[in-house]
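# show me the folded form of this:
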Amino acid sequence: MPGYYDISDILMEDEAVSVVFHVGANGVGLLDPGTETNSVEKGAKIDLPFWLAHELCRRRAVSITIPSCFGQKMKKDVQADAACVDLGTRYPYFYEFGCKLFPLVGDKSIGPFLRHTFANRYKEMLSKSHTASLNAIPKFVLRLSKEEYQLFEAARSSMVEFKKWRVRDLGLMKTTIVGHKRKTDLH
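Numbering: from 1, shown residues only. As a prediction, the model looks like this:
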C-alpha cells in the first residue's frame with residue numbers, strides 16, 4: 001500500500017467526490033462555495049476531496065455518492081471495449097481510488113468491475129509492452145492509468161533486458177567435438 005509521503009497517493013486522495021451531509025455542520029461553510037453562511041445544512045450535496053470525505057464517512061457524518069468513473073455509463077464502455085477507455089486523462093488513479101472507495105459506498109459491484117477492467121486491459125497492455133520501442137511512446141500509453149503505466153514500463157524494460165540477455169556474447173571458449181567411435185567386438 002502507498003505510504004504517507006507517496007505523491008501518487010496524495011494526488012489520488014485529492015480526487016473530488018460528491019457527498020451528502022447527514023448532519024448539519026457549523027464552521028465548515030468554506031467547503032460549500034454556494035453558501036454564504038459558515039455552516040452546511042443536513043442533506044447538502046458538496047464536492048469534497050476524497051481524503052476529507054473518507055474521514056467524514058468513517059464518522060458517519062456524510063455518505064459518498066458513487067463517482068461517474070464507477071457508474072453505469074463507464075461500465076457499459078468497459079464492457080464494449082475496455083482497452084479503448086481513456087483512464088489516463090479522465091481517471092489516472094482509477095484502480096487505487098476504486099479500492100479505497102469500495103468499502104465506503106456499499107456498492108458491491110465496484111470490486112468485480114475493477115477486476116474485470118484490469119483483466120481485459122492487462123492482456124493488451126502486456127502484448128504491446130513487448131513490441132513497443134524504447135524511443136517512441138505509443139498512443140495507447142496515454143489511455144493507461146498510473147498503475148497500468150507502471151506495469152507497462154516494467155514489462156517493457158523486462159523485455160529489453162531479456163533481448164539483451166538473449167543476444168549477449170558469452171565469451172566462452174569454443175571446443176571442437178571430436179568424433180570418437182567405440183569399437184565394438186562383433187565376433
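# in this protein, where is pLDDT below threshold?
Low-confidence segments of the chain, defined by pLDDT under 70: 1-3, 29, 32, 133-136, 169-187.
# can you give me the helices in it?
Counting by DSSP state H, the chain has helices at residues 7-13, 50-58, 72-81, 87-90, 94-105, 110-131, 146-166.
# mind listing what's buried along the first one?
It refers to helix 7-13. Across helix 7-13, burial judged by 16 or more other C-beta atoms under 10 Å covers 9, 12-13. Just so you know, the C-beta spots here come from the backbone N, C-alpha and C atoms, and that holds for glycine as well.
# so what's the nearest residue to Met125 once chain neighbours are set aside up against?
Spatially, and ignoring its direct neighbours in sequence, Met125 is nearest to Phe152 (5.3 Å; C-beta to C-beta, 6 or more residues apart in numbering). For Phe152, the contact set (C-beta atoms under 8 Å, 6 or more residues apart in numbering) comprises 125, 128-129, 132, 141, 144.
# wait, Leu87 touches Ser145, no?
Yes: the pair Leu87 and Ser145 qualifies as a contact (C-beta atoms under 8 Å) at a distance of 4.1 Å.
# list residues touching both of these two?
Counting by C-beta under 8 Å, 6+ apart, the residues touching both Leu87 and Ser145 are Phe94.
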